[in-house]
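>>> need a structure here:
(one chain, ligands or ions: 2)
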Amino acid sequence: MTTAAIIVAAGRGTRAGGAVPKQWQSLAGQPVLAHTLAAFAGMRRVLVIHPDDRAQAEGLGADVQIVAGGASRTQSVRNALEALVGSGVSRVLIHDGARPLVNAGLIARMSAALDHGPAAAPALAVTDALWRGTEGTVAGTQSRDGLWRAQTPQAFHFDAILAAHRAHPQEAADDVEVARAAGLPVTIVPGSDDNLKLTFPGDFARAEAILKGRRMEIRLGNGFDVHAFTAGDHVWLCGVKVPHDKALLGHSDADVGMHALTDAIYGALAMGDIGRHFPPSDPQWKGAESHIFLRHAIETAREMGFRLMNCDVTMICERPKIGPHAEAMRACLATIMGVELARVSVKATTSERLGFTGREEGIAALATATLVQA
Ligand SMILES: Nc1ccn([C@@H]2O[C@H](COP(=O)(O)OP(=O)(O)OP(=O)(O)O)[C@@H](O)[C@H]2O)c(=O)n1
Ligand SMILES: C[C@](O)(CO)[C@H](O)COP(=O)(O)O
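Numbers count the residues shown, from 1 in each chain. Ligands and ions are numbered 1, 2, ... in the order given. Below you'll find the model as predicted:
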């Protein structure tokens, strides 16, 4: 199952004003779109931009797929959906580029909602009294019962929303309207107060204040693991099969480096260790590939609203030599966790032939991971 984030940013931002459209203006020192894209890091990202804005889009990330937008938001979404046909994407989160304060917790809630239905959208219940007004005078009151303020990311099964858009060539307020026109039930998921859409000039100051006031919660975790050698001809280390004249003994694939890193992430979350989530007494984990554990730890972090800032794995062994494989190990861990390569370090040391690692009885690994509230 592959999820793509479609970030629509092809509008001209006429209401916000400014020298450049709002999505390219600076917010806390970075273009608005840099904030929005960062919120979806680790996910396949499709950025829909105005054809005139190609130059600005350079530098936003080589892994971001750029699609040309249309004359309306609806058309921009449609272009992105058509660009994803045949890509293997099965779910999409459609988000306004102009909502840079979306957080990891909301994104995780939207993804989770798609386990239970084809469409879901975040919204906040209307809490203020509502009036009708005529020429600056209150002309009547309007019940707020059952009224919601719609937000994005709106989440859909890909085939369902693609078919809905193809069957709905006219304009729509948002993708929920398109989905409903096709008869799809849309689940309402609690939105986020901070997830405002930059619309008018004053919204920038409000967004900056929210960013400044956001509690910067940083979590540090460490992990340590040891596996003994046994007879064999290779070891698994940080997801890479390394030829060796011994193997590592363990209930799973005994990937000592990946286990230490997994424990570091659980540690940062105060969520115990691998054994708590994948008990060795449970036969289903016998021989299990350790990427299952690491992926669970990082997804747990995302669900709790954290993202990985960096991690560092150190393996302690005389042999096999880690250096020739370290880059492949970094790449493998980065892919499993859905983070940039630059955030992942893998290195090794010997113990100067001292102790059990020095006697080549086994390999030890330690890891640290830093998580930051997204
Ligand atoms: N042709 C369009 C119009 C809008 N959008 C995007 O849809 C989101 C929500 O639209 P809105 O806030 O209305 O943005 P603008 O159309 O840019 O604003 P305005 O109406 O003030 O010009 C924005 O991220 C915007 O860039 C888009 O991708 N393509
Ligand atoms: C999709 C949306 O963000 C839901 O609130 C909104 O409708 C898009 O912005 P617009 O100003 O209505 O174009």
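>>> give me the residue from the stretch 1-150 of the chain nearest ligand 1.
Closest approach between the stretch 1-150 of the chain and ligand 1, counting by CB to the nearest ligand atom: residue 11, at 2.1 Å. The C-beta positions use only the backbone N, C-alpha and C, and glycine is treated the same way.
>>> what's the answer for the stretch 251-374 of the chain, then?
When scored by CB to the nearest ligand atom, the stretch 251-374 of the chain has residue 374 as its residue closest to ligand 1, at 19.8 Å.
>>> what's near enough to touch the spatially closest residue to that residue that is not a sequence neighbour?
Spatially, and ignoring its direct neighbours in sequence, residue 374 is nearest to residue 104 (3.5 Å; CB to CB, 6 or more residues apart in numbering). Residues in contact with residue 104 (CB atoms under 8 Å, 6 or more residues apart in numbering) are 39, 302, 305-307, 373-374.
>>> ok, which residues in the chain are in contact with ligand 2?
Counting by CB under 6 Å from any ligand atom, the chain comes close to ligand 2 at 73, 96, 150-152, 173-174, 197.
>>> ok, which pair from these is furthest apart?
Greatest spacing in the residues of the chain next to ligand 2, by CB to CB: 73 and 151 (14.1 Å).
>>> more neighbours, these two?
Neighbour tally, residue 73 and residue 151, criterion other CB atoms under 10 Å: the higher count belongs to residue 151, 25 against 20.
>>> and that one, what does it touch?
With contact set as CB under 8 Å, 6+ apart, residue 151 has these partners: 99, 121-124, 191-192, 195, 197.
>>> ranges for the strands of the stretch 251-374 of the chain?
For the stretch 251-374 of the chain, the strands defined by DSSP state E, counting those that start in this stretch cover 306-316, 344-349, 362-373.
>>> As JSON lines, the ones you listed with mean pLDDT and mean neighbour count would be great.
Converted to JSON lines, the strands of the stretch 251-374 of the chain look like this (pLDDT from 0 to 100; neighbours: other CB atoms under 10 Å):
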{"stretch": "strand 306-316", "mean pLDDT": "96", "mean neighbour count": "22"}
{"stretch": "strand 344-349", "mean pLDDT": "98", "mean neighbour count": "19"}
{"stretch": "strand 362-373", "mean pLDDT": "96", "mean neighbour count": "23"}
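>>> What is the burial count for the closest residue to ligand 2 within the stretch 101-250 of the chain?
In the stretch 101-250 of the chain, the residue that lies nearest ligand 2 is residue 174 (3.6 Å; CB to the nearest ligand atom). Using other CB under 10 Å, the number of residues around residue 174 comes to 17.
>>> my read: it touches residue 149, true?
No. Proximity of residue 174 to residue 149 does not meet the contact threshold set by CB atoms under 8 Å, at 11.7 Å.
>>> hey, what's residue 125 bridged with?
residue 148 (DSSP bridges).
>>> related to what we said a few turns ago, and the residues of the chain next to ligand 2, which of them are in helices?
Cross-referencing the residues of the chain next to ligand 2 against helices under DSSP state H gives residue 73.
>>> of the contacts of residue 104, closest to ligand 2?
For the contacts of residue 104, the nearest to ligand 2 is residue 39 (14.9 Å; CB to the nearest ligand atom).
>>> Chain neighbours aside, what residue packs nearest to that closest one?
residue 102 (4.9 Å).
>>> That neighbour: which element?
Secondary structure from DSSP states H and E places residue 102 outside every helix and strand.
>>> per-residue confidence for it?
For residue 102, the model assigns a pLDDT of 96.
>>> pLDDT below threshold where in the stretch 101-250 of the chain?
Along the stretch 101-250 of the chain, segments meeting pLDDT under 70 span 215.
>>> Good, we can wrap up now.
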